[in-house]
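Peer 1: Model the following, please.
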Amino acid sequence: MRILRLFLKKGGHMLQCLCGQRSEPTTTTSEPQLKGIVTRLFSQQGFYLQMQPDGTIDGIKDENSDYTLFNLIPVGLRVVAIQGVKAGFYISMNAEGFLYSSEMFTPECKFKESVFENYYVIYSSTMYRQQESGRAWFLGLTKEGQVMKGNRVKKTKPSSHFVPRPIEVSFFPVALLRPEYLLLLLEQGDKALKDHTRLFLLLANTTIYTDNELCAFYEPLSKDGP
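Peer 2: The predicted structure follows:
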């Protein structure tokens, strides 16, 4: 029962953070948190994805620009939110396939993260796809570094292919994993939650960030998936 209460408490804390609400400062021990990734997303088109201060999304050649930094936040099974570090907005896709930046976290901010056969990573909207064919809508850049409509981006083309280049790890609220896996981590205590970054990423199936040693060590857990 204590673990269940703790689970519910963590889930509520995460939703509060994702909805943009600030919790009151506290002098007690901090909430257990897992680590997310601060990264740059390099497109096969030769541009780094960037979010400008006003929320404009496009590509830029300058790899040292602070506007190319994104928080890659796990929000579900192989699902991430992509938040501009400087602007603070989330990359979103609407029902017409247009990309926009959102100050608040909404379902349109969720992207499925998949590793394509050439080992590039592709990001597709979890909300929208072609109604007739069921084809996914993808995040993509043109050869000129402009964002494309999601329904015009194909997963087999360079426009949708990205290479995450992690810069550092950052703490984010506990993501909504399947309850039994979250409880497994909670039972190990606060220290385990902070130290097992790679285990968390493995359980979330974002295995591109894990190393072979940890993949082998936690293989019994990963077979069933989170």
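Peer 1: Enumerate every residue touching residue 126.
Peer 2: Neighbouring residues of residue 126 by CB atoms under 8 Å, 6 or more residues apart in numbering: 76, 79, 107, 110-112. (Each C-beta comes from the backbone N, C-alpha and C, glycine too.)
Peer 1: Kindly report the same for residue 61.
Peer 2: 46-48, 145.
Peer 1: Of those, which is the most crowded?
Peer 2: residue 48 (25 neighbours; other CB atoms under 10 Å).
Peer 1: Can you give me the end-to-end span of stretch 125-139?
Peer 2: The straight-line separation of the ends of stretch 125-139 (CA to CA, to the nearest Å) is 8 Å.
Peer 1: With stretch 101-115 instead?
Peer 2: OK, stretch 101-115 end separation, CA to CA: 24 Å.
Peer 1: For this protein, which segments count as strands?
Peer 2: Secondary structure of the chain (DSSP state E): strands at 34-43, 48-51, 57-60, 70-76, 79-84, 90-93, 99-102, 110-115, 121-129, 136-138, 162-172.
Peer 1: Now render these as CSV, adding distance to residue 156.
Peer 2: Formatted as CSV, the strands of the chain follow (distance: least, CB to CB, whole Å):
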stretch, distance to residue 156
strand 34-43, 15
strand 48-51, 19
strand 57-60, 20
strand 70-76, 23
strand 79-84, 21
strand 90-93, 19
strand 99-102, 20
strand 110-115, 13
strand 121-129, 10
strand 136-138, 10
strand 162-172, 14
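Peer 1: pLDDT weak spots in this protein?
Peer 2: Along the chain, segments meeting pLDDT under 70 span 1-36, 169-226.
Peer 1: give me that answer again for 80
Peer 2: 1-36, 118, 168-226 (pLDDT under 80).
Peer 1: correct me, but residue 150 touches residue 137?
Peer 2: Yes. With contact defined as CB atoms under 8 Å, residue 150 counts as touching residue 137 (3.1 Å).
Peer 1: Determine the residues that are contacts of both of the two.
Peer 2: Joint contacts of residue 150 and residue 137 (CB under 8 Å, 6+ apart) are 93, 97, 124-125, 128.
Peer 1: Most neighbours among the residues you listed, which one?
Peer 2: Among the shared contacts of residue 150 and residue 137, residue 93 has more neighbours than the rest - 27 neighbours, counting by other CB under 10 Å.
Peer 1: ok so, going back, JSON lines for the shared contacts of residue 150 and residue 137, including distance to residue 141?
Peer 2: As requested, the shared contacts of residue 150 and residue 137 are exported to JSON lines (distance: CB to CB, whole Å):
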{"residue": "93", "distance to residue 141": "14"}
{"residue": "97", "distance to residue 141": "14"}
{"residue": "124", "distance to residue 141": "15"}
{"residue": "125", "distance to residue 141": "16"}
{"residue": "128", "distance to residue 141": "19"}
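Peer 1: What degree of burial does the spatially closest residue to residue 89 that is not a sequence neighbour show, as a neighbour count?
Peer 2: Nearest residue to residue 89, sequence neighbours excluded (CB to CB, 6 or more residues apart in numbering): residue 101, at 3.7 Å. Residue 101: 19 surrounding residues under other CB under 10 Å.
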